[in-house]
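In: let's see this in three dimensions:
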Amino acid sequence: MALRAATGAQVLTLDTLVRLRRGLHTPVAPRRLPVPDGMTAPLGCDAVAVPARFGPLVMPRLPRVGCVYADEAHWWWIVPSDSDYALEWPAPARYATGAIVPDAPGVPGLIHKPEGTVPYTPPIPLYLALCRLTGTTPAWSRPVSA
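Out: I've put the predicted structure just below:
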């Protein structure tokens, strides 16, 4: 309920101020890494992002490189859906379900497209390369405590 001040000006309630504040922030539609024309993704698509400084170090360590996207901050590798199952991707890598790029100002540009019709980088070699670069022990090699 809004009240009128003695001067005749409308006084705003806290609810109105909160609604106005929320209205200033229009939600941004999620950006998804696109599968290039002519390629299919029969296993669905997720993505693994690493800081851009790691990108050139990861590429030569992989036996097969799928679609790779990059912007100033990150490099993104397309992997099959659920490639995070039973894996803890080493920091600073980020796993993006659905290949959604959450914080990028735009869709990163495609910097590598493989031959053929499948966009995937094999997730296990990518995981191992990232573990090696970050000094992280792979999940299956860690000691198990009883």
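
In: pull out the buried residues from stretch 48-63.
Out: Judged by neighbour count (16 or more other CB atoms under 10 Å), stretch 48-63 contains these buried residues: Val48, Ala49, Val50, Phe54, Gly55, Val58, Met59, Leu62. From N, CA and C alone the C-beta is placed, and that goes for glycine too.

In: is it true that Pro36 touches Lys113?
Out: Yes: the criterion here is CB atoms under 8 Å, and Pro36 meets it with Lys113 at 5.6 Å.

In: which neighbours do those two share?
Out: Cys67, Pro119 (CB atoms under 8 Å, 6 or more residues apart in numbering).

In: tell me the average confidence for stretch 114-132?
Out: The average of the pLDDT scores along stretch 114-132 is 96.

In: list of residues touching it?
Out: 35-36, 38-43, 45, 48, 50, 54, 58, 61-68, 77-80, 83, 87, 89-90, 93, 113, 136-138.

In: next step: the residues you listed restricted to helices.
Out: When DSSP state H is applied, the contacts of stretch 114-132 are split such that Val58 fall in helices.

In: just the buried residues from the contacts of stretch 114-132, in PyMOL please.
Out: Typed into PyMOL, the line below selects the buried ones among the contacts of stretch 114-132, using 16+ other CB under 10 Å:
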select buried, resi 35+39+41+45+48+50+54+58+62+65+66+67+68+77+78+79+80+83+87+89+90+93+136
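
In: which of the contacts of stretch 114-132 fall within strands?
Out: Under the assignment DSSP state E, those contribute Val48, Val50, Val68, Trp77, Ile78, Val79 to strands.

In: okay then, goodbye and thanks.
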